[in-house]
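Trainee: Fold the following and give me the result.
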Amino acid sequence: MLPSNDYHIEFLSEIADLRQCIELQKLTWGFADEDVLPLRSFVVCGKIGGQVLGAMTVERRVLGFINAFPFPT
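Mentor: Model (predicted):
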């Protein structure tokens, strides 16, 4: 585990960062292309009131992420 000062948490919206989230799904869970949450879902999530947060290194490497879609009321 990295010391807490080696990474920070931020909202992700840049395509390059979101693409890393796709790769993490494949590496972490062994998902095939058709099983991962696709790029368009990450992009739309941020535009409709949801959030994509990432643990980022200073070199802009995504170490982990979490996303939340808004629930209609």
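Trainee: Distance of Glu23 relative to Glu59?
Mentor: Distance of Glu23 to Glu59, computed by C-beta to C-beta, to the nearest Å: 15 Å. (C-beta placed from N, C-alpha, C; glycine too.)
Trainee: Looking at the two, which has the bigger crowd around it?
Mentor: Between Glu23 and Glu59, counted using other C-beta atoms under 10 Å, the more crowded position is Glu23 (11 against 5).
Trainee: Mind giving me the packing neighbours of the least confident helix or strand in the chain by mean pLDDT?
Mentor: None of the helices or strands of the chain scores lower by mean pLDDT, DSSP states H and E than helix 39-47, at a mean of 94. Other elements packing on helix 39-47 under the criterion 3 or more C-beta pairs under 8 Å, 6 or more residues apart in numbering; DSSP states H and E are helix 15-29, strand 51-56, strand 62-68.
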